[in-house]
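Trainee: What would the 3D arrangement of this be:
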Amino acid sequence: MDWLMTDWLGTPAWFWMTFIALVTGLTAFDLGILNRRDREMGIRQSLMLSLFYIAIALAFGAWVWIEKGADLGLKYYTGFVLEKALSIDNVFVISLIFSAFAIPRLYQYRALLWGIVAVLFLRGLMIGLGAAVVEQFHWVLYLFGAFLILSGIKMFASNDQDPPDVTANPLVRFLSRHLRVAPALEGNIFLTRIPDAKTGRLVTAITPLLLALIVINIADLVFAVDSVPAVFAVTTDTFIVYTSNIMAILGLRALYFALSAMIHRFHLLSHALALVLVFIGAKIFIADFLLEDGTFPASISLAITLGLIAGGVLLSLWRMRGAAPEPEAGGEGERALL
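Mentor: Numbers count the residues shown, from 1 in each chain. Next comes the predicted model:
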């Protein structure tokens, strides 16, 4: 059993196997037991399931703390909070994509859960490549830091309140033109058979549900351009970067239905997240050029990150006092993108 202790990306193989087993078990439990039948998830159920995933993530962090030490434990929690907060913007985009493809809320959660499989692979690929580059060229961290600072400044200064037109996205248009797409949904299935327009023979086609899932995972990659460098700015430990990312994303799927109904109440949160990006980027330069040991205290980093995010939430709620609630975004009354 010596192979269990084999070093893989700086961490024994059994750590990785434990994490993959945990994620696989959670996904199977969610799909096979909690959501064996398609149903629309309410806000209360969404919040309860999200709390369950957060509890699992916190417990996993405690295990990391015990096995790998307090410093990496704190860095895991910081990475988890960062990814969780930065992923909130994903909710708005996911809602727009589901609406553009006219996906009923009944099938949205199952689609998001299947998307976890793609996220596990794509995030792993990005983080693995990033870790290899950082290990060989430490100065790349300075590029990450500068990128995060510029991204934060741009996000803070942005006053664009108009939602993006998903249907006008060149990639979405390309996929719609070059993939054989069924004209309508067929329940929760991803592939179906339709008559070929020229020959009349039955051919395999993807359903709008699968097309929406593909676009959502591409959007996740775009958002990862911000979040992955942000966690690398906290730690270059590949295991911590990957596990904190995935644990945050797992819970986001459950939280989606509650957030999509309430996200309009947190309009100042984007400014808080912008400040978080600036802080995380600046932390790289502060640690390397101003601190004698070259290490920014993980506890202070976590405290500042949590403080900025909590401040954004509280200020948003205070500014929204007495405001009329906005209608919940849904996907059933929108025009299909086909």
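
Trainee: Please make it C-alpha for all contacts and neighbour counts, starting now.
Mentor: Fine.

Trainee: Name the residues of the longest helix belonging to the chain that are buried.
Mentor: Assignment by DSSP state H gives helix 105-136 as the longest helix of the chain. For helix 105-136, the neighbour count (16 or more other CA atoms under 10 Å) marks 105-113, 115-116, 119-120, 122-124, 126-128, 130-131 as buried.

Trainee: And for stretch 120-133, what's in contact with it?
Mentor: Val140, Leu221, Ala224, Val228, Thr236, Asp237, Thr238, Val241, Tyr242, Ile246 (CA atoms under 8 Å, 6 or more residues apart in numbering).

Trainee: Now which of these would you call buried?
Mentor: Leu221, Ala224, Val228, Thr236, Asp237, Thr238, Val241, Tyr242, Ile246.

Trainee: Just send the residues you listed back as CSV, with distance to Ile286 too.
Mentor: Output for the buried ones among the contacts of stretch 120-133, formatted as CSV (distance: CA to CA, whole Å):
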residue, distance to Ile286
Leu221, 29
Ala224, 24
Val228, 20
Thr236, 16
Asp237, 19
Thr238, 22
Val241, 21
Tyr242, 24
Ile246, 28
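
Trainee: Farthest pair within the residues you listed?
Mentor: Using CA to CA, the pair of the buried ones among the contacts of stretch 120-133 lying farthest apart is Leu221 and Asp237, separated by 20.5 Å.

Trainee: chain center to stretch 246-263, what's the gap?
Mentor: 9 Å (CA atoms, centre = their mean, to the nearest Å).

Trainee: CA-only coordinates of that stretch, as PDB, when you get a sec.
Mentor: C-alpha atoms of stretch 246-263 as PDB (Å, rounded to 0.1, in the frame of the first residue of the first chain):
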ATOM      1  CA  ILE A 246     -14.500  22.400  -5.900                       C
ATOM      2  CA  MET A 247     -16.000  22.500  -2.400                       C
ATOM      3  CA  ALA A 248     -17.200  26.100  -3.000                       C
ATOM      4  CA  ILE A 249     -18.700  25.200  -6.500                       C
ATOM      5  CA  LEU A 250     -20.500  22.100  -5.100                       C
ATOM      6  CA  GLY A 251     -22.400  24.200  -2.700                       C
ATOM      7  CA  LEU A 252     -23.100  27.000  -5.200                       C
ATOM      8  CA  ARG A 253     -25.300  24.600  -7.300                       C
ATOM      9  CA  ALA A 254     -27.500  24.100  -4.200                       C
ATOM     10  CA  LEU A 255     -27.500  27.800  -3.400                       C
ATOM     11  CA  TYR A 256     -28.400  28.900  -6.900                       C
ATOM     12  CA  PHE A 257     -32.200  28.900  -6.500                       C
ATOM     13  CA  ALA A 258     -32.100  31.000  -3.400                       C
ATOM     14  CA  LEU A 259     -29.500  33.400  -4.800                       C
ATOM     15  CA  SER A 260     -31.300  33.800  -8.100                       C
ATOM     16  CA  ALA A 261     -34.300  35.000  -6.200                       C
ATOM     17  CA  MET A 262     -32.400  37.400  -3.900                       C
ATOM     18  CA  ILE A 263     -29.300  38.500  -5.700                       C
END
